[in-house]
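S.K.: how would this look folded up:
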Amino acid sequence: MGQYTQIDDDGAETVYEYMQYGFRPQNGPVEFDPDDIRKPIGDRRGLYVDGEEEPVAICRHYWFDVSVRGQTHPGAGLTSVITPPEHRRNGYVSEILAETLTEYEERDRHFSILRPFDYGFYRSFGWDTANEVRNYECPVETLAFAAETLGAAGEYRQLGVDSFDTVAPVYESFSDNYSLTIERDAEWWRHRVCYSRDNDPYVYAWFKDGEPRAYLVFRFTGDYHSRTMKVREFAYTDEEALHAVLAFCYNHDSQADTIEFHAADDSVFRDLLTSPDDVECTLSTGPMVRVVDVESTLSALSYPAVEDEIVLSVSDDFADWNDGRFRLSVSDATGRCEPTVADPTARLDIAALSQLAVGHRSATALARAGRLDATGNATETLDRLFPATPVYIRDRF
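M.R.: I've put the predicted structure just below:
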């Protein structure tokens, strides 16, 4: 067993070297310059074993709150899980992930979110897909309809990357439509949303009646003869504001040939199109989520106004406090989850339960996929307690 501990600023160079080799090996060895790296946020962790001065594995944790089913929960973001090649195939990643979950449990975190390099790898440790993402690409002129619909309403203003206070009301309004959104602050906005290794992105907002109603974060790639406007993120408060976003993109028809952006896995955008065949849309898998502690998380969730009770058998090979039977009782939209020895009517693993809890998969969908083994009316009970709801995490870390 290694020693899992915080990496302080004295270890920043080691972390930098691991990051470069792990995620950007094509650049070759890059000299560490403490004045030329972005401001770190989050906490670095390392796993140390006897006989080694440097960590055999590292990771980083971000601490934030997430909104799940309309209620705020403590969450944690996991990133930068790396083992250098000389220490691979020794189980160190498994060990640092186990230590990570233990820390999350001790900190009373309800959900862990990560962006995987391989979905199958992290699924074996109990994380599973939180949402899918629609990726759109279209010629700029395809969006002409939005400018015609919007007309001269409102005004656009360029903002700086330190504009969080201005755009926050728009982000919060937009996020109310989805589960598992991160509750941001100014530091997160600047260093996670508006960060670029090259040049800062452009930030514009659309105002009406003096109030911000939409915003975009974007940059350009290509050259004069073939340029793409890549929208990193946008948000809006209503349909008119969405037209303002699309009209703003169309207004760049003299600067860009193509528009690219990402959106939730719903039909909101395509339903507006007059020529949907002109838009290329692909579906990709988004981030992954994991329930950290079954008992505390299910007790803290908000529920529909029903009275129900069910006994779950949860399998979790990686967090033994979750591996067992739990009775979930719901009354007056409040849940109580506690260990029990009663016979279960539903069996599932922690990954499936995580998707059920945040709303990405219904019990019926999980049962159809062979991931929920239910008897009697247990599937219907779970569908009532955990109705499917749109999930959309846009943040990258």
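S.K.: contacts, neighbours, all on C-alpha from now
M.R.: OK.
S.K.: Pull up the per-residue confidence for the residue located most distally from the centre of the chain.
M.R.: The outermost residue of the chain relative to its centre, with distances by CA atoms, centre = their mean, is residue 51 at 37.3 Å. Looking at residue 51, its pLDDT stands at 90.
S.K.: how much space between it and residue 294?
M.R.: Distance check for residue 51 against residue 294: by CA to CA, to the nearest Å, it reads 37 Å.
S.K.: what sits against the residue farthest from the centre of the chain?
M.R.: Shown in contact with residue 51 (CA atoms under 8 Å, 6 or more residues apart in numbering): no residues.
S.K.: Pull up the gap between it and residue 97, please.
M.R.: 21 Å.
S.K.: Start from the N-terminal end of the chain and give the helices.
M.R.: Under the criterion DSSP state H, the chain carries helices at the ranges 12-23, 92-106, 119-123, 144-150, 164-175, 186-188, 239-250, 294-300, 350-358, 363-368, 378-385.
S.K.: Out of those helices, the one nearest residue 209 is which?
M.R.: Closest to residue 209 of the helices of the chain, according to CA to CA: helix 239-250, at 12.4 Å.
S.K.: Let's test this: mean pLDDT of that closest one, rounded?
M.R.: 97.
S.K.: which intervals of the stretch 51-200 of the chain have sub-threshold pLDDT?
M.R.: For the stretch 51-200 of the chain, applying pLDDT under 70 flags the ranges 197.
S.K.: where do the strands sit along it?
M.R.: Under the criterion DSSP state E, counting those that start in this stretch, the stretch 51-200 of the chain carries strands at the ranges 57-68, 71-82, 111-114, 128-129, 132-139, 155-159, 181-182.
S.K.: Go through the helices of the chain and name the closest to residue 72.
M.R.: helix 294-300 (9.5 Å).
S.K.: List the contacts of the closest one.
M.R.: So helix 294-300 is in contact with 110-111, 291, 322, 326, 328, 334-339, 357, going by CA under 8 Å, 6+ apart.
S.K.: let's see it at 6 Å
M.R.: Helix 294-300 has contacts (CA atoms under 6 Å, 6 or more residues apart in numbering) with 110, 322, 335, 336, 337, 338.
S.K.: Kindly report the same for stretch 386-397.
M.R.: Against stretch 386-397 from outside (CA under 6 Å, 6+ apart): 131, 178, 179, 181, 264, 359, 360, 361, 362.
S.K.: now, among those residues, which is nearest to residue 202?
M.R.: Nearest to residue 202 among the contacts of stretch 386-397, with distances taken as CA to CA, is residue 264, at 21.8 Å.
S.K.: which one is that closest one nearest to, not counting chain neighbours?
M.R.: residue 133 (5.3 Å; CA to CA, 6 or more residues apart in numbering).
S.K.: Which residues does the one you found form beta bridges with?
M.R.: Beta bridges link residue 133 to residue 264, residue 284, judged by DSSP bridges.
S.K.: can you list the domains in this structure?
M.R.: 3-109, 133-285, 288-385 (automatic domain parsing).
S.K.: Could you identify which of those domains is most buried?
M.R.: domain 288-385 (a mean of 19; mean count of other CA atoms under 10 Å).
S.K.: Could you identify the most distant pair in the contacts of stretch 386-397?
M.R.: The farthest-apart pair in the contacts of stretch 386-397, when distances are taken by CA to CA, is 181 and 362, at 18.8 Å.
S.K.: before we move on, the earlier item: save the domains of the chain as CSV, and put in distance to residue 117 too.
M.R.: Putting those into CSV (distance: least, CA to CA, whole Å) gives the following:
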stretch, distance to residue 117
domain 3-109, 10
domain 133-285, 11
domain 288-385, 11
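S.K.: Tell me which of those approaches residue 119 most closely.
M.R.: Checking the domains of the chain against residue 119 by CA to CA gives domain 288-385 as the closest, at 8.0 Å.
S.K.: Endpoints of that closest one, how far apart?
M.R.: This stretch, domain 288-385, spans 22 Å end to end (CA to CA).
S.K.: Distance from that domain to the middle of the chain?
M.R.: Averaging C-alpha positions (CA atoms, centre = their mean, to the nearest Å) puts domain 288-385 22 Å from its chain's average.
S.K.: so for it, what's the average pLDDT?
M.R.: Per-residue pLDDT over domain 288-385 has a mean of 98.
S.K.: Show residues contacting stretch 229-245.
M.R.: Residues from elsewhere that reach stretch 229-245 (CA under 6 Å, 6+ apart): 146, 170-171, 173-174, 213-220, 259-261.
S.K.: and it, how far out from the chain's middle?
M.R.: Counting by CA atoms, centre = their mean, stretch 229-245 comes out at 19 Å from the chain centroid.
S.K.: what's the answer for stretch 127-137, then?
M.R.: Relative to its parent chain, stretch 127-137 has a centroid offset of 9 Å by CA atoms, centre = their mean.
S.K.: Stretch 166-186 now?
M.R.: With CA atoms, centre = their mean as the basis, stretch 166-186 stands 13 Å off its chain's centre.
S.K.: now stretch 113-123
M.R.: With CA atoms, centre = their mean as the basis, stretch 113-123 stands 12 Å off its chain's centre.
S.K.: buried ones in that stretch?
M.R.: 113, 114, 115, 116, 119, 122, 123 (16 or more other CA atoms under 10 Å).
S.K.: Now the last one: closest residue in space that isn't a chain neighbour?
M.R.: Yep, that's residue 123 we're talking about. residue 351 (6.9 Å).
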